[in-house]
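S.K.: return atomic coordinates for the entry below.
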Amino acid sequence: MTTLMERLVDITLPSMLENWHEFHPHCRIDANRKASLTELARVLARRDILRLHLYPEVTAEMLSARRTDHRVFIRNSPGSPDPERWRGGAVRSSQEAERITVMIWGPIRSLDFIVRALSLVQVRIDDGLPLPVTPLDPLAQLLTDQIHAQLIAESLPPA
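M.R.: Numbers count the residues shown, from 1 in each chain. The predicted model follows:
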């Protein structure tokens, strides 16, 4: 898989650099920009490999079993935290929440979207609620819809 990823990076990075030069014809690319484009090429290659080679092996039964392994969250129990607290943005995210957010939504979403996704994922981790396993997981779409609705409620673009 690592070899395949490096080959994909070797294929995509030159076109990314070429596109950058097209949009910035009178500028020289600096080391930080090149490193950012290289990392983006790696992220995209990793995502493509996962989507094409590994995600098809995940069955609905596997997803269902993973969800039933989590403890059930009861909203109305006394002393239980507010499941909507992610909407306020005052949730501190963990590395696990960051890893899941990048895996599910990647770097292609807006910063506003990613901030809310991090909060939502962290709340679900804290509350022991199921988390999406792949970007193709139906739960990922449900969470995406919740984040979009929150962005719209805040008069932000739902990207």
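S.K.: gap between the residue positioned nearest the centre of the chain and T134?
M.R.: In the chain, the C-alpha nearest the mean C-alpha coordinate belongs to W105, at 2.7 Å (C-alpha atoms, centre = their mean). Look at W105 and T134: by C-beta to C-beta, to the nearest Å, they are 12 Å apart. For every residue, glycine as well, the C-beta is placed using N, CA and C.
S.K.: what sits in contact with each of these two?
M.R.: A140 (C-beta atoms under 8 Å, 6 or more residues apart in numbering).
S.K.: right, and the helix or strand after the lowest-mean-pLDDT helix or strand in the chain?
M.R.: Every helix and strand of the chain was ranked by mean pLDDT, DSSP states H and E. The lowest is helix 60-69, at a mean of 66. Downstream of helix 60-69, the first helix or strand assigned by DSSP states H and E is helix 95-105.
S.K.: C-alpha coordinates for that following helix, CSV please?
M.R.: What follows is helix 95-105, C-alpha atoms only, in CSV (Å, rounded to 0.1, in the frame of the first residue of the first chain):
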residue,chain,number,x,y,z
GLN,A,95,-6.4,13.6,18.6
GLU,A,96,-8.8,10.7,18.1
ALA,A,97,-11.5,13.2,17.0
GLU,A,98,-9.1,14.9,14.7
ARG,A,99,-8.1,11.6,13.1
ILE,A,100,-11.7,10.5,12.6
THR,A,101,-12.6,13.9,11.2
VAL,A,102,-9.8,13.9,8.7
MET,A,103,-10.5,10.3,7.7
ILE,A,104,-14.2,10.9,7.1
TRP,A,105,-14.2,14.5,5.6
